[in-house]
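> prediction below, plus the sequence it came from.
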Amino acid sequence: MTMIDSTEPVRRLRCALFVDFDNVYIGLQRLDPAAAEAFAGTPAHWLAGLETGNDADGEFSRRFLVRACYLNPSAFSQFRPNFTRAGFSVVDCPSLTQQGKSSADINLVLDAVDALSAETRYDEFVILSADADFTPLALRFRAADRRVTIVTAGPAASAYRAVADTVVTADELAELVKHPEPALEETAVPPEPAAAVVEPRRATSRAQAPSAPAKAPAATPSGQARKAVLRLVRTADRPMTGGVVAQAAQRADPSVITSGWEGMGSFFPWLARVVPELGAATRPAPGFVWDPKRFSEADLPNVGDVALPPLQRQVVDVTDIPNLPTERYGILLTALAQDVNTVPFDRPVTAKRVRDACQAAGAPIGRGSVNTVIAGILYAGLDLNAKPTAKKVAETWADNVIGLCRGARMELSPQDVAAIRAWVGGGLLKR
C-alpha cells in the first residue's frame, strides 16, 4: 500500500497542455538546433520537467490530463511516434494554403475552448508557442479564472507574455529539453562557521569554509525555506528583489521570522549563510537575488541602464530589449562578431565569452542582455557560423528590433526607424 506523507502538502493542478509543434521546433532550430532535436525526439523528458512549478502560493505539481500536439504531417511526420509514445494526442494539421501555413492554430484554439467549457475543470492551461495570435485565447483563460503558462521558443510579443501567470523563455526551454531537471530534492547545507556579512554590490556566492567540521544537517529549520528560495530564484527570468525572495522563505518556514532569521537578524545575512550558491547584493535598493549561472550584477535594474529619450524608452518597454546606450551596443555587437569570426559559434559558450569581453572592455553588460541580442539575431535569420562582419551583425539586430516594434503595433515614421537603427546598431550602421 502506498503511504502518503501529509506533513508537506503540495498543490496538484489539473492541466491541459497544447503544443504548436511547428512553431516551437522551428523557433528552437534557429536558437539551438540540438535543443530542437531534443524537443522533438524525447518529449517525455521535457514534459517531466514541466510537472513541477512554483508561484506566489508556493510549490505545486502538474497533472497533464490533456496532452495535445499539433503538427504538419507533410513536414514533421517523423516525430509523431515520439509524441504518441509520450502520451500525446497528435493532431495532423496539413497546409491548407499556397503559402504553406498549416491549420495548427485554429485546431489548437478550438480544442482549447472545448477544454475550457468541459465538465472537468482544468486549473491551468499550458501553451507551447510564441505565436501572439494566441493572446485572445490566453485572455479567455484568465477571464475564466484559470492559470496560464506560456512556453515560448521565440521572441513572443509583450502583450502575449503579459497575460500569462508564468512564462518559460526560449533559453529556459532550450535548457529544459536538453537537460530535464529531476524533481528538486535539495539536501540541507550545513551553516558556515561564521556569519557572512553581505557587502553592497557584491555577490554572496562562495565556497564553504573548510575549517570546523560541519554539524549534521538532518533537521535544520532552514531546510524548507532554502528549498523554496532555490526553486524561486532558479526559475526566475531575471534577478528578483530581496523582499519577494524573503517572502517565499517565510511562507515555506514561518519560523525564520520568529527566530530572527535564525539569529542572523535580517534576510540577506541569512541568505549568505543558508543559500551561499546564489548571488545577492543589497544595492541598488531594495536589494536583489539572482542565479549566478544565468545572471550577474550587470543584469540588475538600474545597473547599466541609461535615461532614454521617449521613443527609445517606448521601444525598451514594448520589446524588452536591453536598455543599453549606443556605445555599449557597439561594444556588444563588435565583441560578438569578433568572437564568431575567431571560434565556432556555440550559443551558451559564445554568450559567456562575449559577456566577458564586454566587461573587460569596461562595459557592464550582463549575460542576459547578450543572450537577448544573440537570440534576436538568430531569429532574424543570420547564420553566426558564416563569420559575419560587425556591421552585418548590427544590421540584423536592428532589423529584428524594428520587427519587434512593428509586431507590437508601434507606428514608426522613417525618422523613428532611423533613430532606432542608429541606437541599437551601436553606431556601426553609419553611412
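Nice, I can see it.
> give me every residue that touches the closest residue in space to residue 344 that isn't next to it in sequence.
Nearest non-adjacent residue to residue 344, counting by CB to CB, 6 or more residues apart in numbering: residue 385, 6.4 Å away. For every residue, glycine as well, the C-beta is placed using N, CA and C. By CB atoms under 8 Å, 6 or more residues apart in numbering, the contact list for residue 385 reads 340, 344, 345.
> separate out the buried members of the residues you listed.
Using 16 or more other CB atoms under 10 Å as the burial test, these include 340, 345 as buried.
> residue 397: which of the contacts of residue 385 is nearest?
Taking CB to CB as the measure, residue 397 lies nearest residue 340 of those, at 13.3 Å.
> packing partners of the helix or strand harbouring that closest one?
Secondary structure from DSSP states H and E places residue 340 in helix 326-342. Using 3 or more CB pairs under 8 Å, 6 or more residues apart in numbering; DSSP states H and E, the elements in contact with helix 326-342 are helix 347-360, helix 367-379, helix 390-407, helix 414-424.
> the same query, at a cut-off of 6 Å, please.
Contact analysis of helix 326-342 by 3 or more CB pairs under 6 Å, 6 or more residues apart in numbering; DSSP states H and E lists helix 347-360, helix 390-407 as its packing neighbours.
> just to revisit the earlier point, the residue nearest to residue 344 belongs to a helix?
Yes. Counting by DSSP: H, G, I helix; E, B strand; the rest coil, residue 385 falls inside a helix.
> mind checking how far it is from residue 342?
Distance, residue 385 to residue 342, by CB to CB, to the nearest Å: 12 Å.
> one step back: kindly calculate the angle that the helix holding residue 340 makes with helix 347-360.
The directions of helix 326-342 and helix 347-360 differ by 130 degrees, with axes from the mean of the first three to the mean of the last three CA atoms, to 10 degrees as the criterion.
> any idea of the angle helix 326-342 forms with helix 367-379?
Using the same axes, to 10 degrees: helix 326-342 against helix 367-379 is 60 degrees.
> which of the helices and strands packed on helix 326-342 sits closest to residue 148?
For the helices and strands packed on helix 326-342, the distance to residue 148 is smallest for helix 390-407, at 20.1 Å, taking CB to CB.
> rounded mean pLDDT for the closest one, please.
Mean per-residue pLDDT for helix 390-407: 93.
> least trustworthy helix or strand in this protein by mean pLDDT?
Ranking every helix and strand in the chain by mean pLDDT, DSSP states H and E puts strand 52-55 at the bottom, with a mean of 75.
> and the helix or strand just after that strand, how far out from the chain middle?
On the C-terminal side of strand 52-55, the closest following helix or strand by DSSP H and E is strand 58-71. Averaging C-alpha positions (CA atoms, centre = their mean, to the nearest Å) puts strand 58-71 18 Å from its chain's average.
> same thing with stretch 403-418?
Per CA atoms, centre = their mean, the centroid offset for stretch 403-418 relative to its chain is 26 Å.
> quick check: end-to-end length of it?
Taking CA to CA, to the nearest Å, stretch 403-418 runs 13 Å from one end to the other.
> so what touches that stretch?
For stretch 403-418, contacts defined as CB atoms under 6 Å, 6 or more residues apart in numbering pick out 157, 311, 315, 318, 319.
> the helix or strand that contains residue 229 to strand 58-71, inter-axis angle?
Using DSSP H and E, residue 229 sits within helix 223-235. Per the same axes, to 10 degrees, the angle that helix 223-235 makes with strand 58-71 is 30 degrees.
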